[in-house]
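**Student:** Quick check, what structure comes out for this input:
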Amino acid sequence: MTEGAATPGRPELFVISDGTGETAAAAVRAAMSQFSTRWRLRTFGEVRHASQIRRVLAAAAASRSLVVFTLVDDPLTQVLRDEAAARQVPVVDLLGPLIQHAAGHFDLAPENRPGVLHGFTDEYFRRVEAVEFAVRHDDGANLHTLHQADLVLTGVSRTSKTPLSMYLAQRGYKTGNVPLVPGIDPPRQLLEMSPEKVFGLVVDSSTLIGIRRERLQHLQAPPRLSYADEEAVRDELRRARRLFRAQRWRAVDITGRAVEENASRIVELYERT
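**Tutor:** As a prediction, the model looks like this:
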């Protein structure tokens, strides 16, 4: 999964895993928290074939990324090391040295089974259910079952509601998202949600204007539509903030932050309640 947007000069790290990649991603976040800089993480899970390794390392070489991996299959690990050396991509093996030291110290033989940590456990099925829920409740769909959500995200157009919903779902939170549309009242089902479950997404107005103008350009639409008009956008954001305060929904400013950063903030706030 890609988290955040590429920015020139921003450090970028790739995680390659034969499982979900969450173990390595958590370790990367812990390490990178020691640096006062913005960075980008891209996670590639369920990697079981040499062809997958080659594609990911080609992308890592092109973006001059650091690659962190958790692979237990020795032949696949060797493919990764050989390919990384050929492309001059720096790699960090998170599990290999620990497995080798444990094997030597305790005189044990590792089984080297890929994806064991995230097998078919209750936790695995909970995540699958959460992802399915997020897909069904994307962009205001299936409002009649929105009350079943753990989290609901709302905000004006282009505030990363869908990427955040999907990321949170992969962490096991059933997440729906509902857009705020100018001139249309928010749906009753959203207004009736428990306030602690709803998070309002906001963004700097100039950033949002830029995003919307790029969107219009991509769609080959007229650039002066109210959708990207400066005053109209600022008014949308003001109205959204007023709604959040009136409903006692917590606002999360997503400006300049990667999806994983915003998701962590939402989870932190949610777990406090």
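**Student:** mind checking the SS state of residue 100?
**Tutor:** helix (DSSP: H, G, I helix; E, B strand; the rest coil).
**Student:** pLDDT score assigned to it?
**Tutor:** Here the pLDDT value assigned to residue 100 is 84.
**Student:** before we move on, what about residue 4?
**Tutor:** 44.
**Student:** do residue 146 as well
**Tutor:** At residue 146, pLDDT is 97.
**Student:** Contact partners for residue 195?
**Tutor:** Neighbouring residues of residue 195 by C-beta atoms under 8 Å, 6 or more residues apart in numbering: 247, 248, 249. From N, CA and C alone the C-beta is placed, and that goes for glycine too.
**Student:** Which one of these sits in the busiest neighbourhood?
**Tutor:** residue 249 (22 neighbours; other C-beta atoms under 10 Å).
**Student:** can you give me the strands in this structure?
**Tutor:** Assigned by DSSP state E, the strands in the chain fall at 2-3, 12-17, 40-44, 66-70, 91-93, 151-155, 175-179, 198-202, 250-253.
**Student:** Tell me which of these is the most buried.
**Tutor:** Sort those by mean neighbour count, taking mean count of other C-beta atoms under 10 Å, and strand 175-179 sits at the top with a mean of 27.
**Student:** name the helices or strands packed onto that one?
**Tutor:** helix 122-136, strand 151-155, helix 161-170 (3 or more C-beta pairs under 8 Å, 6 or more residues apart in numbering; DSSP states H and E).
**Student:** swap the cut-off to 10 Å and go again
**Tutor:** helix 122-136, strand 151-155, helix 161-170, helix 188-191, strand 198-202 (3 or more C-beta pairs under 10 Å, 6 or more residues apart in numbering; DSSP states H and E).
**Student:** on that earlier part again, closest one to residue 267 among the strands of the chain?
**Tutor:** Proximity to residue 267 (C-beta to C-beta) singles out strand 151-155 among the strands of the chain, at 8.5 Å.
**Student:** And the closest one, how far out from the chain middle?
**Tutor:** 15 Å (C-alpha atoms, centre = their mean, to the nearest Å).
**Student:** Name every strand pairing with that strand and say which way it goes.
**Tutor:** Strands that pair with strand 151-155, judged by DSSP bridges, come out as strand 175-179 (parallel), strand 198-202 (parallel).
**Student:** need those in JSON lines with mean pLDDT and distance to residue 187, can you?
**Tutor:** Listed next are the strands paired with strand 151-155 as JSON lines, based on pLDDT from 0 to 100; distance: least, C-beta to C-beta, whole Å:
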{"stretch": "strand 175-179", "mean pLDDT": "97", "distance to residue 187": "6"}
{"stretch": "strand 198-202", "mean pLDDT": "98", "distance to residue 187": "12"}
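**Student:** export the ones you listed to TSV and tack on distance to residue 17?
**Tutor:** Converted to TSV, these look like this (distance: least, C-beta to C-beta, whole Å):
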stretch	distance to residue 17
strand 175-179	23
strand 198-202	29
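**Student:** And those: which comes nearest residue 34?
**Tutor:** Of those, nearest to residue 34 by C-beta to C-beta is strand 198-202, at 27.7 Å.
**Student:** May I have the residues that are in contact with the nearest residue to residue 92 once chain neighbours are set aside?
**Tutor:** Counting by C-beta to C-beta, 6 or more residues apart in numbering, residue 68 is the residue found nearest to residue 92 once chain neighbours are left out, at 4.7 Å. By C-beta atoms under 10 Å, 6 or more residues apart in numbering, residue 68 lies in contact with 13-17, 21, 24-25, 27-28, 31, 41, 43, 90-94.
**Student:** and this structure, what are its domains?
**Tutor:** 2-106, 122-272 (automatic domain parsing).
**Student:** rank those by pLDDT, which is bottom?
**Tutor:** When I compare those, domain 2-106 is least confident, with a mean of 87.
**Student:** Any idea how far that domain is from the middle of the chain?
**Tutor:** 17 Å.
**Student:** going forward can the numbers begin at 871, since that is how I track them
**Tutor:** Will do, 871 is the new start, and the previous item becomes domain 872-976.
**Student:** ok so, going back, ok, which of the strands paired with strand 1021-1025 comes nearest residue 1104?
**Tutor:** Evaluated with C-beta to C-beta, the strands paired with strand 1021-1025 place strand 1068-1072 nearest to residue 1104, the distance being 11.6 Å.
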